[in-house]
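A.B. asks: Below are the sequence and a predicted model for it; my questions follow.
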Amino acid sequence: MKKIVISLISLLLFISVKAQNNQEIHAVMNKIRLDFMLDANGRPSYNVFFAEKPVINKSYLGIMLADDSSFDKNFEITGSENTMVDETWQPVWGEVKNIRNHYHQIVIHLKQKDAKSRLMNIIFRVFEDGVGFRYEFPKQPGLKYFTVADELTEFSLTGDHKTFWIPGDYDSNEYQYTVSPISMVDASVLAKSATDIAVRVVPDKYAIQTPLMMKTADGLYINIHEAALSNYTSMQLHVDTKTLKLTANLVPDAVGNKAYMEAPCSTPWRTIIVSDKAADILTSKMILNLNEPSKIENTSWIKPMKFVGIWLEMQTGKSTWNYADRADTLGVDGQLIPNGKHGANTANVKRYIDFAAKNGINGVLVEGWNVGWEDWFGNWKENVFDFVTPYPDFNVKEITEYATSKGVKMIMHNETSGSATNYERQMDTAFRFMNKYGYTSVKTGYVGKIIPRGEHHDGPWMVAHYVRVAQKAAQYHVMLDAHEPVRPTGLQRTYPNWMACEAGRGNEYNLFTSGNNPNHETIMPFTRLMGGPMDYTPGIFHIKGYSNVPGRQVHTTLAKQLALYITMYSPLQMAADIPDNYEKHMDAFQFIKDVAVDWDDTKIIEAEPGEYITIARKEKNAANWYIGAITNESSRNAAIPLNFLGDEGKYVAIIYADAANADWKENPEAYQVAKYLVNSKTKLNIKLANGGGAAISIKPVSEEDKGLKFYK
Ligand code: NOJ
Ligand code: CA
């Protein structure tokens, strides 16, 4: 890793100390400017500008401690340090091969002007695409152990921005997005109308979740989130709908506290990403850059992959996770009475393994394999699963041997039903079981109310729990995909085996509820995915007719499901449908077979939150490119210049597009596949249906393609 760190004396020019009680510090990086000041009462505040336009108006900073003392005023600046960093690092896997980390850091040393003389530093990192800042509490005589009661950080908005928001729920991110001026936020309506299985706790109707995406009337795109959340609690935002000021709203633990600190320590980073181009928000690597480098030294066992799974058949009611209908009615021999619909049976698993092996898919996930699913949910029960005892029809040894013989990796499923205490007790046993039977990755789940009782999915206890699971998984060389955790904050840089999270409303809501709005997938990359990859479970081909509930269907076209492999980035990518449905459309399934899951490069070709996204990605260590283009409920033409292809040479593009008469509601499964020669001068122009999309694979031309026509 090349690292250039320069302590810049010349940067001191940016610092102007105006008066003892009114001290200001400025930092500039390209179009971004940060102003910091202490007012006459010693209150710290900051402003952010983009190309001289205000992005964040004067906003106060501080922390409130549980002993009733505040860390928000009566400060003086005792010093500050400037550094410039310009380094490039390589993620273990990712959207790009090289990540540039280029920022100007200012550490501002503050001291409270009272008898205790307590110290706090505020660290700003000013990047070309925004600002990150955190509070740091140095080692000091006046402060050692302390409890955070509240964070007073403000983000004062410059107007009533168009906002893409979900409620500030302590337990769930599984919501549809509302697009409204920020002054119209009322989270209670959404929380009350939710009827699905996620636990929902929304005490403040004006609280909204981050990553928060906004667009100003004069065309600035602003994204607020946090980075490197591990020894703290997650931050939501309380909206003052009159003053348009956002304030940090920290998710409490069971006794109402937010964090337990021991100096020296620091909070997570608060992040503000800004640009006049929506595409730049998706390109930003600021959140990853604010996280610590990998703590895992040997990462050779971490391998992105695609997988299929015994999963959708349960989501649609075709089979069940549970082996028996009831746990308390036993047969003559004292055994569970099989209901005849159990999905995770050896024969069925072998079918999925065969399908995976035949199609070059690396992994097979099996849910409902272990005893406990008869009453797993809704009882706030502590010891539901032991994570090692299979149902009688799931022969783990035979399955492992079969998978190994076919070159397929089994993916473990550890649903905790929210009982994190039980999982913590069982974790070593569970991971040893995975090692023994050759499972190299695990999907965890936290459906239900959390145990320890009173804790929340997004609270400090659980934040630490998810990290413990990632660390434990790393110790056993197991890759992790967590469902229902706190939303990610870039920790995948530090724990690259923590490949994906759900932490949002996945494609599964199209299967067991009234679904996701057709604009959902055009918003998620700007919100939930800003913190890290999502296991969205794309690739559903049977769009309509899988359910008896009138009107229930997937809210996309089939071609859009293919495009999601590119627009919803994840290094663990599921082909979510059942083999039968893929076998009916093998020409379309070819894209899922081909598409990569790890990338050298990514180009955001065009993007507008809530409307459309087109992304091209270059496969890691290969010359192939894959493109995904999606739209919301309105049809549109995606214009895709292929100028990112090398100047030399011809390529073959396979275009998987909506058929001319496709429509997400009326005719979603109509698609067309066409093959052309293309080069770097080609401009594709592809019609996306209402709620539609297109996927394109591009490979260097081979002998057999020489007769193809050029795209016109
Ligand atoms: C919810 C998860 O999101 C889903 O993927 C899983 O199948 C169920 N929980 C059962 O664990
Ligand atoms: Ca879920």
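C.D. replies: Perfect, thanks for sending it. The model shown is predicted, which means the values in this text are computed figures rather than measured ones. Ligands and ions are numbered 1, 2, ... in the order given.
A.B. asks: For Y509, see how far away whichever residue of the stretch 51-200 of the chain sits closest to ligand 2 is.
C.D. replies: Here the stretch 51-200 of the chain gets closest to ligand 2 at one residue, E174, 5.8 Å apart by Cβ to the ion. From N, CA and C alone the C-beta is placed, and that goes for glycine too. For E174, the distance to Y509 equals 7 Å [Cβ to Cβ, to the nearest Å].
A.B. asks: In contact with E619: list those residues for me.
C.D. replies: 596, 598-600, 625-626 (Cβ atoms under 8 Å, 6 or more residues apart in numbering).
A.B. asks: what do you get for G418?
C.D. replies: G418 sits next to 199, 380, 446-451, 457, 484 when contact means Cβ under 8 Å, 6+ apart.
A.B. asks: same check, this time on K350
C.D. replies: 399, 402.
A.B. asks: What helix or strand is it located in?
C.D. replies: K350 is part of helix 346-358, with elements assigned from DSSP states H and E.
A.B. asks: Now that helix: buried residues?
C.D. replies: Neighbour counts over helix 346-358 (16 or more other Cβ atoms under 10 Å) mark 348-350, 352-353, 355-357 as buried.
A.B. asks: mind exporting that helix as CSV, just the C-alpha atoms?
C.D. replies: C-alpha atoms of helix 346-358 as CSV (Å, rounded to 0.1, in the frame of the first residue of the first chain):
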residue,chain,number,x,y,z
THR,A,346,-31.8,-34.8,1.5
ALA,A,347,-33.4,-35.6,-1.9
ASN,A,348,-34.4,-32.0,-2.5
VAL,A,349,-31.0,-30.6,-1.4
LYS,A,350,-29.4,-32.9,-3.9
ARG,A,351,-31.6,-31.5,-6.7
TYR,A,352,-30.3,-28.0,-5.8
ILE,A,353,-26.7,-29.3,-5.7
ASP,A,354,-27.2,-30.9,-9.1
PHE,A,355,-28.6,-27.7,-10.5
ALA,A,356,-25.8,-25.6,-9.0
ALA,A,357,-23.1,-28.0,-10.3
LYS,A,358,-24.6,-28.1,-13.8
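A.B. asks: ok, Y466 touching E484?
C.D. replies: No - taking Cβ atoms under 8 Å as the definition, Y466 is not a contact partner of E484, at 10.1 Å.
A.B. asks: give me the number of residues near the residue of the stretch 251-400 of the chain at minimum distance from ligand 1?
C.D. replies: Residue of the stretch 251-400 of the chain nearest ligand 1, by Cβ to the nearest ligand atom: E367 (5.2 Å). By the criterion of other Cβ atoms under 10 Å, E367 has 21 neighbours.
A.B. asks: likewise F512?
C.D. replies: If we define neighbours as other Cβ under 10 Å, then F512 has 16 of them.
A.B. asks: quick one: pLDDT of it?
C.D. replies: In the predicted model, F512 carries a pLDDT score of 92.
A.B. asks: and the gap between it and V549?
C.D. replies: On the measure of Cβ to Cβ, F512 and V549 end up 9 Å apart.
A.B. asks: got it, and M462?
C.D. replies: 33 Å.
A.B. asks: and if you look at P452?
C.D. replies: With Cβ to Cβ as the criterion, P452 and V549 are 36 Å apart.
A.B. asks: which residues sit against the host helix or strand of M314?
C.D. replies: Per DSSP H and E, M314 falls inside helix 312-315. Applying Cβ under 8 Å, 6+ apart, the external contacts of helix 312-315 come out as 319-321, 343, 367-368, 508, 511-512, 540, 576-578.
A.B. asks: N497: which of these is nearest?
C.D. replies: E367 (20.7 Å; Cβ to Cβ).
A.B. asks: In contact with that closest one, which residues?
C.D. replies: 309-311, 314, 321, 343-344, 413, 415, 443.
A.B. asks: ok so, going back, could you check which of P452 and V549 has the larger neighbour count?
C.D. replies: P452 (16 against 11).
A.B. asks: Quick check: closest non-adjacent residue to that one.
C.D. replies: Nearest non-adjacent residue to P452, counting by Cβ to Cβ, 6 or more residues apart in numbering: T421, 5.8 Å away.
A.B. asks: next structured bit after the host helix or strand of the one you found?
C.D. replies: When elements are assigned from DSSP H and E, T421 belongs to helix 420-436. Proceeding N to C from helix 420-436, the next assigned helix or strand is strand 441-445, under DSSP H and E.
A.B. asks: by contact count, what packs against that following strand?
C.D. replies: In terms of contacts (3 or more Cβ pairs under 8 Å, 6 or more residues apart in numbering; DSSP states H and E), strand 441-445 is packed against strand 409-415, helix 420-436, strand 479-482.
A.B. asks: Mean pLDDT, distance to A473 and mean neighbour count for those - can I get that in a markdown table?
C.D. replies: Shown next, in a markdown table, are those (pLDDT from 0 to 100; distance: least, Cβ to Cβ, whole Å; neighbours: other Cβ atoms under 10 Å):
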| stretch | mean pLDDT | distance to A473 | mean neighbour count |
| --- | --- | --- | --- |
| strand 409-415 | 98 | 10 | 24 |
| helix 420-436 | 98 | 7 | 18 |
| strand 479-482 | 98 | 5 | 26 |
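A.B. asks: Go through those and name the closest to K560.
C.D. replies: The nearest among the helices and strands packed on strand 441-445, by Cβ to Cβ, is strand 479-482 at 22.7 Å.
A.B. asks: Pairing partners for the closest one, with directions?
C.D. replies: If you go by DSSP bridges, strand 479-482 pairs up with strand 441-445 (parallel), strand 498-501 (parallel).
A.B. asks: Could I get the CA-only coordinates of that strand as CSV?
C.D. replies: Coordinates of the C-alpha atoms in strand 479-482 are reproduced here as CSV (Å, rounded to 0.1, in the frame of the first residue of the first chain):
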residue,chain,number,x,y,z
MET,A,479,-17.9,-15.9,5.4
LEU,A,480,-20.9,-14.1,6.8
ASP,A,481,-24.2,-12.9,5.4
ALA,A,482,-26.3,-11.4,8.2
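A.B. asks: need the strands for the stretch 501-650 of the chain, in chain order.
C.D. replies: Using DSSP state E, counting those that start in this stretch, the strands of the stretch 501-650 of the chain run over 572-574, 599-608, 612-619, 625-631, 636-641.
A.B. asks: Looking at the ones you listed, which one is packed in the most?
C.D. replies: Mean neighbour count, computed with mean count of other Cβ atoms under 10 Å, is highest for strand 625-631 among these, reaching a mean of 29.
A.B. asks: which residues touch that one?
C.D. replies: 521-522, 556, 560, 562-567, 594-596, 605, 611-619, 638, 640, 644-645, 651, 686, 688-698.
A.B. asks: Narrow those to those that are buried.
C.D. replies: For those, a burial check counting by 16+ other Cβ under 10 Å picks out 521-522, 556, 560, 562-567, 594-596, 605, 611-619, 638, 640, 644-645, 651, 686, 688-698.
A.B. asks: what mean pLDDT does the helix holding M314 have?
C.D. replies: 97.
A.B. asks: Also stretch 626-637?
C.D. replies: Average pLDDT, stretch 626-637: 98.
A.B. asks: For the remainder of this discussion, apply numbering that starts at 12.
C.D. replies: That works, and once the first residue is 12, the last one we named lands at stretch 637-648.
A.B. asks: how far off strand 452-456 does the helix holding T432 point, in degrees?
C.D. replies: Counting by axes from the mean of the first three to the mean of the last three Cα atoms, to 10 degrees, helix 431-447 points 160 degrees away from the direction of strand 452-456.
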